[in-house]
Structures are given as C-alpha cells and as structure tokens.
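1. Structure for the following, please:
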Amino acid sequence: MPVVLSLINLKGGVAKTTTAVQLADTLAFVRGKKVLVLDLDPQTNATLALIGEERWAQADAQGQTLAHLFLDLLGGTRQFDPAAAILPGVSNLGGLVEAGTGSGGRVDLLPSSIRLIDVQDRMGDIAARTHYAVNPMEVVRQHLSPLFAGYDYVLIDCPPNLGFVTQNGLEVSDHYLIPTIPDRLSTYGIAQIAGRIAALRQARGLRLTCLGVVVTKYQSSSAQHQRGLARLPGELEAAFGAAGQAPPPVFKTILPQTNAAAEAMAYERPVTSYPHKYGRTPVGGQPAYRYGLHLAEEIETQLSQTLPARRGGQFSTWLRRMEPGEPA
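-> Numbers count the residues shown, from 1 in each chain. Next up, the predicted model:
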C-alpha cells in the first residue's frame with residue numbers, strides 16, 4: 001500500500017509546491033520509488049514544474065486534468081478517463097540516466113488546471129447533479145484512489161484553502177505536511193488547519209494525522225525568521241492542543257531560501273543530475289541540493305516508526321551515490 005501525503009498551508013508563497021516537487025524527485029530519482037503527484041491546486045504550479053506548459057495545454061485541451069473529473073460530475077459528461085489522465089515519467093529528471101541514483105524510480109502526474117477555480121465554487125452541487133451517488137468530498141476517493149496501488153508514494157498538492165477540493169485530498173491521505181515560512185503571516189493559519197482537520201477526522205472517520213511541519217525559505221540572517229523558528233513549537237502546541245491533539249514535530253531539516261530552489265521549478269531548464277537541478281552551491285555549510293535529501297530521509301524515518309517495512313537505507317549511502325567523489 002502507498003503512503004498518501006497531502007501538503008497544505010492556507011497562505012500562498014510558502015514553497016508548498018516547491019517542497020512537493022522536490023520531495024517527489026527525491027523519492028523517485030534518489031530512492032528509486034514510484035511516486036504519483038496529484039495537483040489539486042488551481043494555480044497548476046506543480047503541473048507546470050513537472051511537465052511544462054506545452055504538455056499541460058495538451059492535457060487540458062483533451063479534458064484530461066483533475067478539473068475535468070469534477071466538471072464531468074457537474075455537467076453529466078464523460079470526458080475524463082482516470083487511467084488515461086495519468087501522465088507517466090514526468091519531471092525533467094525523468095529522462096536522465098543517472099548512475100547509482102536508484103532503479104525503477106519514476107514520477108507520474110495527475111495534472112491540474114486553472115479550471116479548478118470555477119469548480120471550487122460549484123463543488124456543493126455534485127451530490128444533486130449525480131442524484132446523490134457521489135459525495136462532493138469523496139470524488140478523489142471514488143474515482144482515483146483505486147489507481148494508487150501501483151505506487152510507493154502519492155503526494156497531493158492542495159490549494160491554499162480548506163474547501164471541498166482540499167477536503168478531497170485530505171479524505172484519501174494517511175498524513176499531511178505543513179510547509180511554512182517562519183513568520184507570522186505564514187503560520188497564522190496553522191491553528192485553523194489543525195482545528196478543521198481534527199473536526200473532519202472525527203466526522204468522517206479519517207485516519208489522517210499531521211506528519212510534521214517543514215520550515216521553508218529560511219533566511220538565517222533574518223531576526224524575524226530566527227524568532228519565528230524559536231516560537232513555532234509553542235504555536236504548534238497551542239494550535240493542536242486546542243484541537244485535542246498532540247503537536248506535530250518540526251522537521252530538523254530547514255529548507256533555506258535559495259535561487260536554485262526557484263530555478264528548479266522551471267521545467268524547460270536543462271538539467272544534468274539531481275544535484276545540478278537543486279543546486280551545488282553551498283548554503284549553510286552544505287550544497288543546497290542536500291537539504292531535499294535530508295528532508296526525505298526525515299520523512300521516511302518518521303513513517304518507518306509506524307510502517308517498519310518502508311524503512312530505507314542509510315542516508316550516507318544516498319549521498320555517495322549522488323556524487324561519488326564527494327564525501328558524505
């Protein structure tokens with residue numbers, strides 16, 4: 001069975017999508033896992049980062065994006081084909097043959113569309129439009145979750161809200177991650193996320209838990225970020241405590257703000273390897289690309305505590321495989 005992991009924050013611009021895409025690349029092309037990315041965000045940033053504008057336009061024109069799944073239910077049409085909509089072998093790392101970076105790894109994608117903007121406001125009509133055969137919160141579960149079995153990981157990039165589209169992602173997830181910049185504006189909505197998801201979990205009988213909080217775009221020279229980072233554990237304790245839950249951990253891996261992270265989201269940019277894509281320039285004493293590797297290791301370690309069979313290999317081995325001449 002795959003691990004299904006949603007990424008959510010109510011504020012945009014916190015590197016939620018960047019984190020999702022790098023995690024998908026890391027799990028696939030470093031760890032050799034089969035990863036499916038569901039892009040539920042109408043901004044389609046994960047989709048564009050993984051397939052580029054031309055391939056996205058083709059999928060959208062053919063009615064094979066996640067927006068069209070919902071539009072079929074709203075309009076009584078049958079344009080969307082779940083199996084055909086999955087785009088195999090995406091990411092600009094997918095075509096590379098990198099010796100020693102794992103075998104059998106691949107990222108597939110169920111693409112998003114800006115048409116989801118219109119869908120979000122009409123989701124409540126799905127039950128009536130389908131003669132109550134489909135609950136608007138169960139569209140992904142009913143139509144897409146049977147396809148998850150062929151993957152090790154399913155990563156869901158959720159919109160920056162807690163509406164029906166986001167709830168569809170949460171409904172099928174085992175865990176969720178909260179990427180956040182350590183400032184007031186970015187962390188303000190965490191209490192709402194904790195409370196709303198706790199209520200959903202109870203009302204819907206979900207197994208969903210918060211796997212942890214990922215600090216992103218960190219600037220070590222910023223006093224605001226330093227204070228926010230120090231304040232974050234207490235804020236999580238208050239937010240999740242109010243929802244009757246134990247606070248999730250803050251991952252030790254802190255993703256710094258780098259030019260490489262932004263450039264990595266440009267699908268058309270030629271890359272030669274994972275380190276090339278995510279940056280060899282030292283940041284905080286180590287090459288930028290290693291932060292993504294450390295985060296994936298932490299996530300797999302966290303998961304291994306409840307799913308021992310998923311325990312991975314030693315992280316130092318990963319690094320030697322990435323750049324054999326560089327000490328781990």
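2. so residue 11 makes contact with residue 189?
-> Yes. At 6.0 Å, residue 11 and residue 189 qualify as touching, with contact defined as Cβ atoms under 8 Å. C-beta coordinates here come from the backbone N, C-alpha and C atoms, glycine included.
3. Neighbour count for the two, which is higher?
-> residue 189 (21 against 16; other Cβ atoms under 10 Å).
4. Tell me the helix or strand right after whichever strand or helix holds residue 53.
-> Taking DSSP states H and E as the definition, one finds residue 53 inside helix 45-61. Per DSSP H and E, the first helix or strand lying C-terminal to helix 45-61 is helix 66-75.
5. CA-only coordinates of that following helix in CSV, if you can.
-> Provided in CSV are the C-alpha atoms of helix 66-75 (Å, rounded to 0.1, in the frame of the first residue of the first chain):
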residue,chain,number,x,y,z
LEU,A,66,-8.3,16.8,-12.4
ALA,A,67,-10.6,19.8,-13.1
HIS,A,68,-12.3,17.8,-15.8
LEU,A,69,-13.1,15.0,-13.4
PHE,A,70,-15.1,17.4,-11.3
LEU,A,71,-16.6,19.1,-14.4
ASP,A,72,-17.9,15.7,-15.6
LEU,A,73,-19.7,15.2,-12.4
LEU,A,74,-21.2,18.7,-12.5
GLY,A,75,-22.1,18.6,-16.2
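6. Check which residues of the helix or strand following it are buried.
-> The first helix or strand that comes after helix 66-75 along the chain, using DSSP H and E, is helix 82-85. Buried residues in helix 82-85, defined by neighbour count with 16 or more other Cβ atoms under 10 Å: 82, 85.
7. Identify all contacting residues around helix 82-85.
-> With Cβ atoms under 8 Å, 6 or more residues apart in numbering as the test, helix 82-85 has contacts from 59, 64-66, 68-69, 110-111, 143-144, 147.
8. rerun that using 6 Å as the cut-off
-> 64, 110, 143-144 (Cβ atoms under 6 Å, 6 or more residues apart in numbering).
9. Keep only those of the residues you listed that are in strands.
-> residue 110 (DSSP state E).
10. By neighbours, which of the contacts of helix 82-85 wins?
-> residue 110 (24 neighbours).
11. my guess is residue 69 meets residue 80, correct?
-> Yes. Between residue 69 and residue 80 there is a contact under Cβ atoms under 6 Å: 4.6 Å.
12. So between the two, which is more surrounded?
-> Using other Cβ under 10 Å, the more surrounded residue of residue 69 and residue 80 is residue 69, with 23 against 20.
13. Show the pLDDT at the more buried one.
-> In this model, residue 69 is scored at 97, pLDDT.
14. what do you get for residue 95?
-> 79.
15. What number of residues are in the vicinity of it?
-> Residues near residue 95, counting by other Cβ under 10 Å, number 9.
16. Neighbours of the residue lying closest to residue 182 once chain neighbours are set aside, how many?
-> Spatial nearest neighbour of residue 182, excluding adjacent residues (Cβ to Cβ, 6 or more residues apart in numbering): residue 228 at 3.3 Å. Residue 228 has 20 neighbours, counted by other Cβ under 10 Å.
17. Spell out the secondary structure type for residue 228.
-> Under DSSP: H, G, I helix; E, B strand; the rest coil, the three-state class of residue 228 is helix.
18. hang on, the earlier thing: can you redo the contacts of helix 82-85 as a markdown table with distance to residue 135 and pLDDT?
-> Shown next, in a markdown table, are the contacts of helix 82-85 (distance: Cβ to Cβ, whole Å; pLDDT from 0 to 100):
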| residue | distance to residue 135 | pLDDT |
| --- | --- | --- |
| 64 | 23 | 97 |
| 110 | 20 | 98 |
| 143 | 12 | 97 |
| 144 | 14 | 97 |
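19. Helix, strand or coil: sort out the most far-flung residue of the chain relative to its centre for me.
-> Largest separation from the mean C-alpha position in the chain: residue 131, at 32.7 Å (Cα atoms, centre = their mean). Counting by three-state DSSP, the backbone at residue 131 sits in coil.
20. which stretches of the stretch 151-300 of the chain have low pLDDT?
-> In the prediction, the stretch 151-300 of the chain carries no residues with pLDDT under 70.
21. Okay, helices next: where are they in it?
-> Secondary structure of the stretch 151-300 of the chain (DSSP state H, counting those that start in this stretch): helices located at 164-171, 184-187, 190-204, 223-242, 259-263, 274-278, 289-304.
22. Give me whichever of those helices is most buried.
-> Of all the helices of the stretch 151-300 of the chain, helix 164-171 carries the top mean neighbour count, a mean of 24, counting by mean count of other Cβ atoms under 10 Å.
23. now for that one, which elements pack on it?
-> Applying 3 or more Cβ pairs under 6 Å, 6 or more residues apart in numbering; DSSP states H and E, we find helix 164-171 packed against helix 139-143.
24. tell me which residues in the helix it packs on are buried?
-> 139-140, 143.
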